[in-house]
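Asker: just coords:
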(Lines give C-alpha, C1' and ligand atoms only; values in the text may rest on other atoms or scores of the structure.)
Protein backbone atom coordinates (compact mmCIF):
# COMPACT_ATOMS: atom_id res chain seq x y z
CA UNK A 1 0.00 0.00 0.00
CA UNK A 2 1.31 3.44 -0.94
CA UNK A 3 2.18 6.09 1.63
CA UNK A 4 -0.85 8.37 1.09
CA UNK A 5 -3.60 5.75 1.57
CA UNK A 6 -1.61 4.10 4.39
CA UNK A 7 -1.23 7.44 6.19
CA UNK A 8 -4.91 8.18 5.62
CA UNK A 9 -5.89 4.73 6.93
CA UNK A 10 -3.71 4.92 10.06
CA UNK A 11 -4.73 8.50 10.81
CA UNK A 12 -8.39 7.67 10.22
CA UNK A 13 -8.20 4.64 12.53
CA UNK A 14 -6.44 6.66 15.23
CA UNK A 15 -8.95 9.50 15.05
CA UNK A 16 -11.92 7.14 14.82
CA UNK A 17 -10.80 5.12 17.84
CA UNK A 18 -9.91 8.16 19.95
CA UNK A 19 -13.05 10.06 18.94
CA UNK A 20 -15.20 6.98 19.45
CA UNK A 21 -13.68 6.40 22.90
CA UNK A 22 -14.23 10.05 23.84
CA UNK A 23 -17.78 9.91 22.49
CA UNK A 24 -18.47 6.72 24.45
CA UNK A 25 -17.07 8.30 27.63
CA UNK A 26 -19.20 11.43 27.16
CA UNK A 27 -22.25 9.31 26.37
CA UNK A 28 -21.84 7.16 29.46
CA UNK A 29 -21.16 10.22 31.60
CA UNK A 30 -24.27 11.95 30.24
CA UNK A 31 -26.28 8.74 30.63
CA UNK A 32 -25.19 8.42 34.25
CA UNK A 33 -25.99 12.08 34.97
CA UNK A 34 -29.37 11.86 33.23
CA UNK A 35 -30.18 8.63 35.05
CA UNK A 36 -29.29 10.20 38.39
CA UNK A 37 -31.28 13.32 37.54
CA UNK A 38 -34.32 11.27 36.53
CA UNK A 39 -34.07 9.18 39.71
CA UNK A 40 -33.80 12.39 41.75
CA UNK A 41 -36.91 13.76 40.06
CA UNK A 42 -38.89 10.62 40.90
CA UNK A 43 -37.61 10.66 44.48
CA UNK A 44 -38.43 14.35 44.85
CA UNK A 45 -41.90 13.68 43.45
CA UNK A 46 -42.44 11.01 46.10
CA UNK A 47 -41.33 13.44 48.80
CA UNK A 48 -43.65 16.11 47.42
CA UNK A 49 -46.60 13.70 47.49
CA UNK A 50 -45.90 12.78 51.11
CA UNK A 51 -45.52 16.47 51.97
CA UNK A 52 -48.80 17.36 50.20
CA UNK A 53 -50.65 14.66 52.12
CA UNK A 54 -49.13 15.86 55.41
CA UNK A 55 -50.17 19.40 54.48
CA UNK A 56 -53.70 18.14 53.78
CA UNK A 57 -53.72 16.46 57.18
CA UNK A 58 -52.79 19.75 58.85
CA UNK A 59 -55.54 21.51 56.91
CA UNK A 60 -58.10 18.91 57.97
CA UNK A 61 -57.00 19.21 61.58
CA UNK A 62 -57.43 22.99 61.40
CA UNK A 63 -60.86 22.67 59.81
CA UNK A 64 -62.13 20.23 62.48
CA UNK A 65 -60.68 22.34 65.25
CA UNK A 66 -62.60 25.32 63.90
CA UNK A 67 -65.76 23.21 63.74
CA UNK A 68 -65.36 22.20 67.37
CA UNK A 69 -64.60 25.71 68.56
CA UNK A 70 -67.39 27.57 66.80
CA UNK A 71 -69.17 25.22 64.46
CA UNK A 72 -72.97 24.92 64.36
CA UNK A 73 -72.89 21.12 64.57
CA UNK A 74 -70.99 20.93 67.84
CA UNK A 75 -72.95 23.86 69.32
CA UNK A 76 -76.29 22.21 68.64
CA UNK A 77 -75.05 18.90 69.99
CA UNK A 78 -73.92 20.49 73.28
CA UNK A 79 -77.15 22.50 73.62
CA UNK A 80 -79.27 19.41 73.05
CA UNK A 81 -77.17 17.31 75.43
CA UNK A 82 -77.35 19.91 78.18
CA UNK A 83 -81.15 20.16 77.68
CA UNK A 84 -81.47 16.39 77.90
CA UNK A 85 -82.91 16.18 74.39
CA UNK A 86 -82.19 13.34 72.00
CA UNK A 87 -81.65 14.91 68.61
CA UNK A 88 -80.00 12.02 66.82
CA UNK A 89 -82.31 12.36 63.82
CA UNK A 90 -81.40 15.98 63.37
CA UNK A 91 -77.71 15.26 63.95
CA UNK A 92 -77.89 12.39 61.45
CA UNK A 93 -78.83 14.98 58.81
CA UNK A 94 -76.22 17.56 59.81
CA UNK A 95 -73.20 15.19 59.89
CA UNK A 96 -73.42 14.21 56.16
CA UNK A 97 -73.73 17.86 55.23
CA UNK A 98 -70.71 18.73 57.36
CA UNK A 99 -68.66 15.82 55.93
CA UNK A 100 -69.40 16.97 52.39
CA UNK A 101 -68.52 20.55 53.22
CA UNK A 102 -65.21 19.34 54.68
CA UNK A 103 -64.71 17.05 51.64
CA UNK A 104 -63.86 14.13 53.91
CA UNK A 105 -64.58 10.47 53.35
CA UNK A 106 -65.74 9.65 56.93
CA UNK A 107 -67.01 11.79 59.81
CA UNK A 108 -68.14 10.64 63.27
CA UNK A 109 -69.81 12.78 65.98
CA UNK A 110 -69.45 11.23 69.43
CA UNK A 111 -69.45 12.12 73.09
CA UNK A 112 -66.39 11.93 75.28
CA UNK A 113 -67.78 8.73 76.75
CA UNK A 114 -67.75 6.99 73.38
CA UNK A 115 -71.44 7.35 72.53
CA UNK A 116 -71.69 7.73 68.72
CA UNK A 117 -74.35 10.40 68.10
CA UNK A 118 -74.14 10.49 64.28
CA UNK A 119 -71.86 9.28 61.50
CA UNK A 120 -71.44 9.36 57.73
CA UNK A 121 -71.41 6.84 56.25
CA UNK A 122 -74.11 5.43 58.50
CA UNK A 123 -72.27 2.11 58.80
CA UNK A 124 -69.98 3.82 61.30
CA UNK A 125 -72.91 4.06 63.75
CA UNK A 126 -71.90 0.55 64.82
CA UNK A 127 -68.57 1.89 66.01
CA UNK A 128 -68.04 0.54 69.48
CA UNK A 129 -67.84 2.80 72.51
CA UNK A 130 -64.28 1.67 73.08
CA UNK A 131 -63.21 2.52 69.53
CA UNK A 132 -64.98 5.86 69.58
CA UNK A 133 -63.40 6.76 72.92
CA UNK A 134 -59.98 5.64 71.63
CA UNK A 135 -60.27 7.74 68.50
CA UNK A 136 -61.14 10.87 70.50
CA UNK A 137 -58.38 10.19 73.02
CA UNK A 138 -55.56 9.90 70.44
CA UNK A 139 -53.09 12.73 70.22
CA UNK A 140 -53.92 14.91 67.17
CA UNK A 141 -50.28 14.56 66.10
CA UNK A 142 -50.99 10.91 65.33
CA UNK A 143 -52.87 11.56 62.09
CA UNK A 144 -51.76 8.60 59.90
CA UNK A 145 -53.75 5.38 60.02
CA UNK A 146 -52.83 2.28 58.10
CA UNK A 147 -56.44 1.00 58.17
CA UNK A 148 -55.90 -1.93 60.52
CA UNK A 149 -56.99 -0.52 63.93
CA UNK A 150 -60.80 -0.46 63.80
CA UNK A 151 -63.92 -0.20 61.68
CA UNK A 152 -63.33 3.56 61.46
CA UNK A 153 -60.87 4.38 58.67
CA UNK A 154 -60.74 0.76 57.56
CA UNK A 155 -58.38 1.74 54.70
CA UNK A 156 -55.21 3.85 55.02
CA UNK A 157 -56.40 7.33 55.86
CA UNK A 158 -55.54 10.66 57.36
CA UNK A 159 -57.34 11.08 60.70
CA UNK A 160 -58.32 14.50 62.12
CA UNK A 161 -59.82 15.01 65.64
CA UNK A 162 -61.19 17.75 67.82
CA UNK A 163 -63.09 17.93 71.17
CA UNK A 164 -65.12 20.58 72.97
CA UNK A 165 -66.34 20.52 76.52
CA UNK A 166 -69.73 22.10 77.37
CA UNK A 167 -70.71 24.03 80.50
CA UNK A 168 -72.36 20.96 81.98
CA UNK A 169 -69.15 18.96 81.79
CA UNK A 170 -70.21 17.02 78.69
CA UNK A 171 -67.55 16.56 75.98
CA UNK A 172 -68.41 16.28 72.30
CA UNK A 173 -65.90 15.49 69.58
CA UNK A 174 -65.53 15.04 65.81
CA UNK A 175 -63.36 12.43 64.13
CA UNK A 176 -62.80 12.76 60.37
CA UNK A 177 -61.00 10.50 57.94
CA UNK A 178 -59.70 11.17 54.45
CA UNK A 179 -58.71 8.06 52.48
CA UNK A 180 -55.17 8.13 51.16
CA UNK A 181 -55.71 6.10 47.93
CA UNK A 182 -57.93 8.70 46.18
CA UNK A 183 -55.53 11.40 47.26
CA UNK A 184 -52.59 9.49 45.76
CA UNK A 185 -54.44 9.01 42.49
CA UNK A 186 -55.38 12.68 42.30
CA UNK A 187 -51.87 13.87 43.11
CA UNK A 188 -50.37 11.46 40.59
CA UNK A 189 -52.52 12.94 37.81
CA UNK A 190 -51.55 16.44 38.88
CA UNK A 191 -47.79 15.80 38.71
CA UNK A 192 -47.99 13.26 35.84
CA UNK A 193 -46.62 10.39 37.92
CA UNK A 194 -48.01 7.03 38.94
CA UNK A 195 -48.50 7.12 42.75
CA UNK A 196 -49.58 4.02 44.69
CA UNK A 197 -49.39 2.58 48.15
CA UNK A 198 -46.77 -0.10 48.61
CA UNK A 199 -43.13 -0.76 49.38
CA UNK A 200 -40.09 -2.35 47.82
CA UNK A 201 -39.61 0.14 45.00
CA UNK A 202 -37.68 -1.37 42.10
CA UNK A 203 -36.83 0.33 38.83
CA UNK A 204 -37.37 -1.48 35.53
CA UNK A 205 -36.39 -0.73 31.93
CA UNK A 206 -39.84 0.75 31.29
CA UNK A 207 -40.23 2.88 34.41
CA UNK A 208 -38.27 4.44 37.23
CA UNK A 209 -39.59 4.13 40.80
CA UNK A 210 -38.93 5.70 44.16
CA UNK A 211 -40.37 4.79 47.56
CA UNK A 212 -41.15 6.97 50.53
CA UNK A 213 -43.77 7.08 53.32
CA UNK A 214 -46.49 9.27 54.77
CA UNK A 215 -45.57 9.55 58.46
CA UNK A 216 -46.52 11.39 61.62
CA UNK A 217 -44.60 12.07 64.78
CA UNK A 218 -46.30 9.25 66.68
CA UNK A 219 -45.22 6.31 64.52
CA UNK A 220 -47.97 6.32 61.95
CA UNK A 221 -46.68 5.27 58.55
CA UNK A 222 -48.09 4.42 55.11
CA UNK A 223 -45.48 3.55 52.43
CA UNK A 224 -46.04 4.81 48.91
CA UNK A 225 -44.38 4.21 45.53
CA UNK A 226 -44.00 6.91 42.90
CA UNK A 227 -43.10 5.73 39.39
CA UNK A 228 -42.77 7.35 36.01
CA UNK A 229 -42.53 5.94 32.50
CA UNK A 230 -38.99 6.23 31.11
CA UNK A 231 -40.07 7.11 27.57
CA UNK A 232 -39.14 10.76 28.04
CA UNK A 233 -35.90 9.74 29.71
CA UNK A 234 -35.06 7.39 26.85
CA UNK A 235 -35.88 10.12 24.36
CA UNK A 236 -33.45 12.42 26.13
CA UNK A 237 -30.77 9.73 26.03
CA UNK A 238 -31.49 9.06 22.35
CA UNK A 239 -31.08 12.77 21.66
CA UNK A 240 -27.78 12.71 23.54
CA UNK A 241 -26.64 9.65 21.56
CA UNK A 242 -27.63 11.30 18.27
CA UNK A 243 -25.74 14.50 19.09
CA UNK A 244 -22.65 12.59 20.20
CA UNK A 245 -22.80 10.44 17.05
CA UNK A 246 -23.13 13.51 14.85
CA UNK A 247 -20.26 15.16 16.66
CA UNK A 248 -18.09 12.05 16.28
CA UNK A 249 -18.92 11.73 12.58
CA UNK A 250 -18.18 15.39 12.02
CA UNK A 251 -14.89 15.13 13.92
CA UNK A 252 -13.84 12.00 12.00
CA UNK A 253 -14.79 13.57 8.66
CA UNK A 254 -12.85 16.73 9.48
CA UNK A 255 -9.88 14.71 10.71
CA UNK A 256 -9.92 12.53 7.58
CA UNK A 257 -9.99 15.64 5.40
CA UNK A 258 -6.95 17.07 7.14
CA UNK A 259 -5.31 13.61 7.07
CA UNK A 260 -5.92 13.39 3.32
CA UNK A 261 -4.49 16.87 2.83
CA UNK A 262 -1.49 16.03 5.01
CA UNK A 263 -0.92 12.64 3.34
CA UNK A 264 -1.17 14.20 -0.11
CA UNK A 265 1.25 17.01 0.76
CA UNK A 266 3.61 14.40 2.22
CA UNK A 267 3.34 11.71 -0.45
CA UNK A 268 3.35 13.96 -3.54
CA UNK A 269 6.99 15.08 -3.22
CA UNK A 270 8.03 11.57 -2.18
CA UNK A 271 6.19 10.11 -5.19
CA UNK A 272 7.86 12.62 -7.48
CA UNK A 273 11.18 11.75 -5.91
CA UNK A 274 10.52 8.02 -6.40
CA UNK A 275 9.57 8.58 -10.06
CA UNK A 276 12.75 10.48 -10.71
CA UNK A 277 14.80 7.94 -8.72
CA UNK A 278 13.47 5.14 -10.96
CA UNK A 279 14.91 7.03 -13.94
CA UNK A 280 18.39 7.34 -12.46
CA UNK A 281 19.57 4.05 -13.95
CA UNK A 282 18.44 5.18 -17.44
CA UNK A 283 20.00 8.60 -17.00
CA UNK A 284 16.65 10.36 -17.41
CA UNK A 285 16.21 11.69 -13.88
CA UNK A 286 15.56 15.40 -13.50
CA UNK A 287 15.97 17.65 -10.43
CA UNK A 288 13.00 17.63 -8.06
CA UNK A 289 11.50 20.94 -7.05
CA UNK A 290 10.10 20.48 -3.52
CA UNK A 291 8.07 23.30 -2.02
CA UNK A 292 8.04 24.11 1.67
CA UNK A 293 10.61 23.07 4.22
CA UNK A 294 11.45 20.31 6.61
CA UNK A 295 12.92 16.88 5.98
CA UNK A 296 11.15 16.42 2.60
CA UNK A 297 12.74 19.59 1.24
CA UNK A 298 16.11 18.47 2.59
CA UNK A 299 15.63 15.09 0.91
CA UNK A 300 14.76 16.77 -2.40
CA UNK A 301 17.82 19.03 -2.13
CA UNK A 302 20.01 16.03 -1.34
CA UNK A 303 18.53 14.14 -4.32
CA UNK A 304 19.21 17.05 -6.67
CA UNK A 305 22.78 17.27 -5.35
CA UNK A 306 23.14 13.51 -5.85
CA UNK A 307 21.98 13.85 -9.46
CA UNK A 308 24.60 16.53 -10.08
CA UNK A 309 27.32 14.40 -8.48
CA UNK A 310 26.11 11.30 -10.31
CA UNK A 311 26.14 13.14 -13.65
CA UNK A 312 29.66 14.32 -13.06
CA UNK A 313 30.71 10.85 -11.93
CA UNK A 314 29.11 9.27 -15.00
CA UNK A 315 30.92 11.67 -17.30
CA UNK A 316 34.23 10.94 -15.60
CA UNK A 317 33.49 7.21 -15.61
CA UNK A 318 32.51 7.28 -19.27
CA UNK A 319 35.70 9.10 -20.16
CA UNK A 320 37.77 6.77 -18.03
CA UNK A 321 35.97 3.73 -19.46
CA UNK A 322 36.56 4.91 -23.02
CA UNK A 323 40.23 5.48 -22.31
CA UNK A 324 40.56 2.08 -20.63
CA UNK A 325 38.64 0.40 -23.44
CA UNK A 326 40.77 1.97 -26.09
CA UNK A 327 43.91 1.09 -24.16
CA UNK A 328 42.78 -2.52 -24.04
CA UNK A 329 41.82 -2.44 -27.72
CA UNK A 330 45.15 -0.82 -28.59
CA UNK A 331 47.01 -3.48 -26.61
CA UNK A 332 45.14 -6.27 -28.32
CA UNK A 333 45.50 -4.71 -31.78
CA UNK A 334 49.23 -4.24 -31.13
CA UNK A 335 49.47 -7.87 -30.04
CA UNK A 336 47.57 -9.11 -33.09
CA UNK A 337 49.61 -6.93 -35.45
CA UNK A 338 52.90 -7.84 -33.76
CA UNK A 339 52.42 -11.54 -34.46
CA UNK A 340 52.51 -11.18 -38.28
CA UNK A 341 55.42 -8.74 -38.09
CA UNK A 342 57.79 -11.38 -36.69
CA UNK A 343 57.73 -13.68 -39.75
CA UNK A 344 57.83 -10.61 -42.06
CA UNK A 345 60.95 -9.32 -40.30
CA UNK A 346 62.58 -12.76 -40.33
CA UNK A 347 61.88 -13.18 -44.06
CA UNK A 348 63.27 -9.70 -44.90
CA UNK A 349 66.38 -10.20 -42.75
CA UNK A 350 67.05 -13.58 -44.41
CA UNK A 351 66.72 -12.06 -47.87
CA UNK A 352 69.15 -9.25 -46.93
CA UNK A 353 71.73 -11.74 -45.65
CA UNK A 354 71.45 -13.94 -48.76
CA UNK A 355 71.73 -10.88 -51.01
CA UNK A 356 74.69 -9.45 -49.07
CA UNK A 357 76.76 -12.58 -49.57
CA UNK A 358 75.39 -13.21 -53.05
CA UNK A 359 74.13 -16.60 -51.97
CA UNK A 360 72.94 -18.72 -54.93
CA UNK A 361 69.88 -19.77 -52.77
CA UNK A 362 68.64 -16.16 -52.86
CA UNK A 363 66.48 -16.64 -55.93
CA UNK A 364 64.87 -19.80 -54.58
CA UNK A 365 64.20 -18.30 -51.13
CA UNK A 366 62.93 -14.99 -52.62
CA UNK A 367 59.71 -16.56 -53.80
CA UNK A 368 59.04 -18.22 -50.46
CA UNK A 369 59.89 -15.07 -48.44
CA UNK A 370 57.72 -12.74 -50.53
CA UNK A 371 54.81 -15.18 -50.27
CA UNK A 372 55.20 -15.21 -46.49
CA UNK A 373 55.32 -11.40 -46.36
CA UNK A 374 52.18 -11.11 -48.52
CA UNK A 375 50.28 -13.64 -46.39
CA UNK A 376 51.13 -11.82 -43.17
CA UNK A 377 50.32 -8.42 -44.71
CA UNK A 378 46.91 -9.84 -45.69
CA UNK A 379 46.48 -11.02 -42.13
CA UNK A 380 47.26 -7.53 -40.84
CA UNK A 381 44.78 -6.09 -43.34
CA UNK A 382 42.07 -8.48 -42.11
CA UNK A 383 42.74 -7.39 -38.52
CA UNK A 384 42.45 -3.72 -39.44
CA UNK A 385 39.30 -4.34 -41.48
CA UNK A 386 37.55 -6.20 -38.63
CA UNK A 387 38.62 -3.54 -36.16
CA UNK A 388 37.24 -0.83 -38.43
CA UNK A 389 33.91 -2.67 -38.67
CA UNK A 390 33.80 -2.99 -34.87
CA UNK A 391 34.64 0.69 -34.32
CA UNK A 392 32.31 2.06 -37.00
CA UNK A 393 29.28 -0.19 -36.57
CA UNK A 394 26.35 1.96 -37.79
CA UNK A 395 23.17 2.37 -35.69
CA UNK A 396 20.40 -0.11 -36.52
CA UNK A 397 17.83 0.73 -39.18
CA UNK A 398 14.77 -1.24 -38.01
CA UNK A 399 12.24 -2.71 -40.43
CA UNK A 400 9.41 -5.19 -39.96
CA UNK A 401 11.31 -8.49 -39.91
CA UNK A 402 10.21 -12.14 -40.04
CA UNK A 403 12.85 -13.83 -37.89
CA UNK A 404 11.85 -17.30 -39.04
CA UNK A 405 12.47 -16.43 -42.69
CA UNK A 406 15.77 -14.71 -41.85
CA UNK A 407 16.98 -17.72 -39.85
CA UNK A 408 16.08 -20.10 -42.70
CA UNK A 409 18.01 -17.94 -45.19
CA UNK A 410 21.13 -17.95 -42.99
CA UNK A 411 20.92 -21.71 -42.47
CA UNK A 412 20.53 -22.28 -46.22
CA UNK A 413 23.71 -20.27 -46.91
CA UNK A 414 25.70 -22.52 -44.54
CA UNK A 415 24.32 -25.89 -45.67
CA UNK A 416 26.99 -26.43 -48.31
CA UNK A 417 29.87 -25.57 -45.95
CA UNK A 418 28.34 -27.62 -43.11
CA UNK A 419 28.72 -30.92 -44.92
CA UNK A 420 27.30 -33.73 -42.81
CA UNK A 421 26.45 -31.39 -39.91
CA UNK A 422 22.66 -31.08 -39.74
CA UNK A 423 21.29 -27.52 -39.71
CA UNK A 424 17.66 -26.82 -38.81
CA UNK A 425 15.31 -24.05 -37.68
CA UNK A 426 12.57 -24.47 -35.05
CA UNK A 427 9.99 -21.70 -34.67
CA UNK A 428 7.22 -21.42 -32.04
CA UNK A 429 4.93 -18.81 -33.59
CA UNK A 430 7.57 -16.05 -33.40
CA UNK A 431 6.14 -12.57 -33.85
CA UNK A 432 7.48 -10.12 -36.37
CA UNK A 433 10.00 -7.72 -34.84
CA UNK A 434 11.36 -4.31 -35.71
CA UNK A 435 15.10 -4.83 -36.33
CA UNK A 436 17.95 -4.13 -38.76
CA UNK A 437 17.92 -7.09 -41.17
CA UNK A 438 21.60 -6.89 -42.16
CA UNK A 439 22.79 -6.73 -38.56
CA UNK A 440 20.55 -9.62 -37.44
CA UNK A 441 21.84 -11.67 -40.41
CA UNK A 442 25.39 -10.79 -39.33
CA UNK A 443 24.72 -12.03 -35.76
CA UNK A 444 23.07 -15.28 -36.90
CA UNK A 445 25.83 -15.91 -39.45
CA UNK A 446 28.48 -15.49 -36.75
CA UNK A 447 26.67 -17.75 -34.26
CA UNK A 448 25.91 -20.52 -36.81
CA UNK A 449 29.50 -20.42 -38.14
CA UNK A 450 30.87 -20.56 -34.57
CA UNK A 451 28.69 -23.62 -33.86
CA UNK A 452 29.95 -25.39 -36.99
CA UNK A 453 33.54 -24.50 -36.09
CA UNK A 454 33.04 -25.80 -32.54
CA UNK A 455 31.93 -29.21 -33.88
CA UNK A 456 34.82 -29.43 -36.34
CA UNK A 457 37.28 -28.15 -33.76
CA UNK A 458 36.35 -31.19 -31.68
CA UNK A 459 37.18 -33.42 -34.63
CA UNK A 460 33.58 -34.16 -35.55
CA UNK A 461 32.20 -34.05 -39.06
CA UNK A 462 28.68 -34.91 -37.91
CA UNK A 463 26.40 -33.25 -35.43
CA UNK A 464 23.51 -30.79 -35.31
CA UNK A 465 23.10 -27.04 -35.10
CA UNK A 466 19.58 -25.80 -34.27
CA UNK A 467 18.22 -22.28 -34.45
CA UNK A 468 15.25 -21.95 -32.03
CA UNK A 469 12.95 -18.88 -32.18
CA UNK A 470 10.24 -18.40 -29.52
CA UNK A 471 8.30 -15.56 -27.87
CA UNK A 472 9.00 -14.63 -24.24
CA UNK A 473 6.92 -13.14 -21.41
CA UNK A 474 3.71 -11.53 -22.63
CA UNK A 475 4.85 -11.65 -26.24
CA UNK A 476 6.72 -8.34 -26.02
CA UNK A 477 10.11 -10.03 -26.48
CA UNK A 478 11.48 -12.82 -28.67
CA UNK A 479 14.43 -15.17 -28.08
CA UNK A 480 16.73 -16.52 -30.83
CA UNK A 481 18.87 -19.41 -29.65
CA UNK A 482 21.64 -21.14 -31.64
CA UNK A 483 22.35 -24.56 -30.08
CA UNK A 484 24.91 -27.23 -30.95
CA UNK A 485 25.80 -30.63 -29.51
CA UNK A 486 29.54 -29.96 -29.51
CA UNK A 487 32.00 -29.86 -26.60
CA UNK A 488 30.78 -26.48 -25.31
CA UNK A 489 32.90 -23.53 -24.20
CA UNK A 490 35.94 -24.02 -22.00
CA UNK A 491 35.29 -22.72 -18.46
CA UNK A 492 38.24 -20.33 -18.59
CA UNK A 493 36.81 -18.69 -21.71
CA UNK A 494 33.24 -18.09 -20.46
CA UNK A 495 34.07 -14.84 -18.63
CA UNK A 496 35.92 -13.45 -21.73
CA UNK A 497 33.56 -14.61 -24.48
CA UNK A 498 32.36 -11.16 -25.49
CA UNK A 499 35.67 -9.32 -25.09
CA UNK A 500 37.33 -8.06 -28.29
CA UNK A 501 40.07 -10.36 -29.63
CA UNK A 502 39.21 -13.12 -27.15
CA UNK A 503 39.09 -16.38 -29.10
CA UNK A 504 40.11 -20.01 -28.76
CA UNK A 505 40.11 -20.69 -32.51
CA UNK A 506 43.30 -20.96 -34.51
CA UNK A 507 41.92 -18.53 -37.08
CA UNK A 508 39.75 -15.43 -36.77
CA UNK A 509 40.18 -12.09 -35.10
CA UNK A 510 38.08 -12.65 -31.95
CA UNK A 511 35.75 -9.72 -32.77
CA UNK A 512 32.74 -11.71 -33.97
CA UNK A 513 31.00 -12.21 -30.61
CA UNK A 514 31.91 -8.68 -29.46
CA UNK A 515 30.25 -7.25 -32.60
CA UNK A 516 27.22 -9.58 -32.14
CA UNK A 517 26.73 -8.50 -28.54
CA UNK A 518 26.98 -4.83 -29.48
CA UNK A 519 24.32 -5.32 -32.16
CA UNK A 520 22.03 -7.01 -29.62
CA UNK A 521 22.53 -4.23 -27.06
CA UNK A 522 21.92 -1.47 -29.61
CA UNK A 523 18.64 -3.23 -30.51
CA UNK A 524 17.57 -2.92 -26.84
CA UNK A 525 18.23 -6.62 -26.17
CA UNK A 526 21.06 -8.84 -24.99
CA UNK A 527 23.24 -11.73 -26.09
CA UNK A 528 24.27 -14.36 -23.56
CA UNK A 529 25.85 -17.78 -23.31
CA UNK A 530 23.70 -20.62 -21.94
CA UNK A 531 25.67 -23.72 -20.94
CA UNK A 532 24.15 -27.16 -21.56
CA UNK A 533 25.17 -30.64 -20.34
CA UNK A 534 26.01 -31.48 -23.95
CA UNK A 535 26.91 -28.63 -26.23
CA UNK A 536 26.32 -24.91 -25.94
CA UNK A 537 23.72 -22.27 -26.71
CA UNK A 538 24.05 -18.60 -27.51
CA UNK A 539 20.74 -16.80 -26.97
CA UNK A 540 19.84 -13.34 -28.24
CA UNK A 541 16.72 -11.65 -26.78
CA UNK A 542 15.17 -8.76 -28.73
CA UNK A 543 12.20 -6.46 -27.98
CA UNK A 544 9.37 -6.84 -30.48
CA UNK A 545 8.82 -3.08 -30.67
CA UNK A 546 12.34 -2.51 -31.92
CA UNK A 547 15.45 -0.72 -30.66
CA UNK A 548 15.15 2.37 -28.46
CA UNK A 549 15.63 5.83 -29.94
CA UNK A 550 19.22 6.74 -30.79
CA UNK A 551 19.31 9.15 -27.80
CA UNK A 552 18.62 6.25 -25.41
CA UNK A 553 21.22 3.84 -26.84
CA UNK A 554 24.34 3.09 -24.82
CA UNK A 555 27.39 5.00 -26.04
CA UNK A 556 29.66 3.10 -28.41
CA UNK A 557 33.02 1.85 -27.26
CA UNK A 558 34.66 4.60 -29.25
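Answerer: Arrived safely, thanks for sending. Keep in mind that this is a model prediction, so the values were computed, not measured. Residues are numbered from 1 along each chain as shown.

Asker: Quick check: phi and psi at the residue nearest to the spatial centre of the chain.
Answerer: A centroid search over the chain (Cα atoms, centre = their mean) returns residue 9, at 3.9 Å, as the residue closest to the centre. Backbone torsions for residue 9, taken as degrees, to the nearest 10, come to phi -60, psi -50.

Asker: so what's the closest residue to residue 411 other than its chain neighbours up against?
Answerer: Leaving aside its sequence neighbours, residue 411 sits nearest to residue 423 (Cβ to Cβ, 6 or more residues apart in numbering; 4.6 Å). Glycine gets a C-beta too; all of them are placed from N, C-alpha and C. For residue 423, the contact set (Cβ atoms under 8 Å, 6 or more residues apart in numbering) comprises 411, 414, 415, 448, 464, 465, 466, 467.

Asker: swap the cut-off to 6 Å and go again
Answerer: Shown in contact with residue 423 (Cβ atoms under 6 Å, 6 or more residues apart in numbering): 411, 415, 465.

Asker: How far off centre is the helix or strand where the first one lies?
Answerer: Here residue 411 sits within helix 403-418, counting by DSSP states H and E. Here the centre of helix 403-418 is set off from its chain's centre by 61 Å, with Cα atoms, centre = their mean, to the nearest Å.

Asker: Over to residue 151. Which of the three states is it?
Answerer: Reduced to three states with DSSP: H, G, I helix; E, B strand; the rest coil, the structure at residue 151 is coil.

Asker: tell me, how many neighbours does it end up with?
Answerer: Number of residues near residue 151 (other Cβ atoms under 10 Å) recorded here: 12.

Asker: Skipping its backbone neighbours, what lies nearest it in space?
Answerer: In this structure, residue 151 finds its nearest non-sequential neighbour in residue 127, 5.7 Å apart by Cβ to Cβ, 6+ apart.

Asker: any idea of the pLDDT on the one you found?
Answerer: You'll see residue 127 listed with a pLDDT of 84.

Asker: got a list of what it touches?
Answerer: Taking Cβ under 6 Å, 6+ apart, one finds 116, 151, 152 in contact with residue 127.

Asker: Nearest to residue 301, out of those: which one, please.
Answerer: Nearest to residue 301 out of the contacts of residue 127 is residue 152 (Cβ to Cβ; 104.5 Å).

Asker: List the residues that contact the closest one.
Answerer: Applying Cβ under 6 Å, 6+ apart to residue 152 gives the contacts residue 127.

Asker: 7 Å - rerun?
Answerer: Contacts for residue 152 (Cβ atoms under 7 Å, 6 or more residues apart in numbering) come out as 106, 108, 124, 127, 131, 135, 175, 177.

Asker: that older thread, list of residues touching the helix holding residue 411?
Answerer: By Cβ under 7 Å, 6+ apart, the surrounding residues in contact with helix 403-418 are 423, 425, 427, 430, 433, 437, 440-441, 444-445, 448-449, 452, 467, 469, 478, 480.

Asker: swap the cut-off to 8 Å and go again
Answerer: For helix 403-418, contacts defined as Cβ under 8 Å, 6+ apart pick out 423-425, 427, 430, 432-433, 437, 440-441, 444-445, 448-449, 452, 465, 467, 469, 478, 480.

Asker: what do you get for stretch 77-88?
Answerer: Residues from elsewhere that reach stretch 77-88 (Cβ under 8 Å, 6+ apart): 76, 90-91, 109, 111, 117-118, 164, 166-168, 170, 172.

Asker: Just the buried residues of that stretch, please?
Answerer: Residues of stretch 77-88 classed as buried by neighbour count (16 or more other Cβ atoms under 10 Å): 77, 78, 80, 81, 87.

Asker: Sweet, I'm off.
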